[in-house]
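Enquirer: fold the stuff below for me.
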Amino acid sequence: MLQVLRYTSENFFVPLTVGGGIRDFTDANGRYPLLAIVYAAEEYLKTGVKTGKSSLEQISRVYGNQAVVVSIDPRRVYINSPNDVEFKAIRVTNPGPNGEEYAWYQCMVNGGREGRPIGAYELAKAVGELGAGEILLNCIDCDGQGKGYDLDLIS
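Expert: Numbering: from 1, shown residues only. Take a look at the predicted model:
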C-alpha cells in the first residue's frame, strides 16, 4: 500500500488523504489515534482544557491542522424530546420508527460496531478546537443506501 501511495503522490498533484490503519503513532498515554481522539475530545468537553498530549494535538502541531482529517461516523438515535439527552438533538424530517420527531447522532467506532457516549456535533466541535483541519462526516444509517447524504445531520 505504501508503494501505491508513494507512486501516486509523486505522479499526481492533487490533495491525497489516506485513512485508517495508523499503528505507529501513539499519544503521550500510549493510545492509538482512533480511540485516543475520541477520548481526547471527551476529556476536552468535560474539562475545557487542552493538554497538548493527545495524538490529535501532537499531529496537528507537527504537521499542521491541514494534515489532520477526522472521520466521524455517527448513527441516528431517535428520541421523543431534545431534553431526553445531553447532546445536540434536532427535529428530523422523517419521524423515527415509533413516531419520534427528534434524534441525536451517536458517534460510532470500530467500523460502526461500538457506540460512544458522545454526539457528532460535540465531537466535531471538540476535534476542531483540538486541531483537526477537516472533518469527514459519514452517517452510518445512510451509508450504502444510494439515497444521498443525511441532510438532517449536515444542516
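Enquirer: worst mean pLDDT across the helices and strands of this structure, which element?
Expert: helix 33-47 (a mean of 58; mean pLDDT, DSSP states H and E).
Enquirer: list the buried ones in the next helix or strand after that one?
Expert: The first helix or strand that comes after helix 33-47 along the chain, using DSSP states H and E, is helix 55-63. Using 16 or more other CB atoms under 10 Å as the test for burial, helix 55-63 gives 55-60. Placement of C-beta: from N, CA and C, glycine included.
Enquirer: save those residues as TSV, and put in pLDDT and distance to Gly96 too.
Expert: Shown next, in TSV, are the buried residues of helix 55-63 (pLDDT from 0 to 100; distance: CB to CB, whole Å):
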residue	pLDDT	distance to Gly96
Ser55	71	35
Leu56	75	33
Glu57	81	37
Gln58	79	40
Ile59	77	37
Ser60	82	37
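Enquirer: now for the helix or strand hosting Val127, which elements pack on it?
Expert: Using DSSP H and E, Val127 maps to helix 120-130. Packing contacts for helix 120-130, counted by 3 or more CB pairs under 8 Å, 6 or more residues apart in numbering; DSSP states H and E, involve helix 33-47, helix 55-63, strand 69-79, strand 102-109, strand 134-137.
Enquirer: so how far is the shortest one off the chain centroid?
Expert: In this view, strand 134-137 has its centroid 7 Å away from the chain centroid, taken as CA atoms, centre = their mean, to the nearest Å.
Enquirer: tell me which strands and helices that strand is in contact with?
Expert: Strand 134-137 packs on strand 69-79, helix 120-130, going by 3+ CB pairs under 8 Å, 6+ apart.
Enquirer: closest one to Gly111 among the ones you listed?
Expert: Distance to Gly111, taken as CB to CB, is lowest for strand 69-79 among these, at 8.2 Å.
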